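> make a model of this:
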Amino acid sequence: EVQLVESGGGLVQAGGSLRLSCAASGFTFDDYAIGWLRQAPGKEREGVSCISNSDGSAYYADSVKGRFTISRDNAKNTVYLQMNSLKREDTAVYSCAAREGSSCKGVYDYWGQGTQVTVSS
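Below is the predicted model:
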């Protein structure tokens, strides 16, 4: 059974930090690019960051560049999203997703349930 399980969300004050984790199982983790996406109430889902399966190339939305860092530990089948200097507009449900191959472009094959991140002023 394929599973992507997010953790690490919560309530944090603006300017604070959180680290999200995405633990994967049920598929060959090394063969997949992993992305983080978020959806705020009343807004469309947007891609936040993605990391390739091959050379570890990372991609970021302009809104999070310089504040968020994505990384992966293939030995643990886990991807992390370190979020620093959080802003109120980062408040959303954050989900991780897996896409077979090295590219971060295209449709994702598997999705997690999401974890809530709330940034207060």
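> does the residue nearest the centre of the chain count as helix, strand or coil?
The centre of the chain sits closest to Trp36, judged by Cα atoms, centre = their mean, with a distance of 2.5 Å. Assigned with DSSP: H, G, I helix; E, B strand; the rest coil, Trp36 falls in the strand class.
> I'd guessed it sits against Leu20; true?
Yes - applying Cβ atoms under 8 Å, one finds Trp36 in contact with Leu20, separated by 7.0 Å. C-beta: built from backbone N, CA, C; applies to glycine.
> now for the two: what residues contact both?
Here Trp36 and Leu20 have 81, 94, 96 as joint contacts, going by Cβ atoms under 8 Å, 6 or more residues apart in numbering.
> quick one, strands of the chain?
Per DSSP state E, the chain carries strands over the ranges 3-7, 10-13, 18-25, 32-39, 46-51, 58-60, 68-73, 78-83, 92-100, 110-111, 115-120.
> about what we covered before: got the shared contacts of Trp36 and Leu20 as CSV, with pLDDT, distance to Gly15 and neighbour count columns?
CSV is the format used below for those (pLDDT from 0 to 100; distance: Cβ to Cβ, whole Å; neighbours: other Cβ atoms under 10 Å):
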residue, pLDDT, distance to Gly15, neighbour count
Leu81, 98, 17, 26
Tyr94, 98, 18, 24
Cys96, 98, 24, 31
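> Leu11: which of the residues you listed is nearest?
Using Cβ to Cβ, Tyr94 comes nearest to Leu11 of those, at 13.5 Å.
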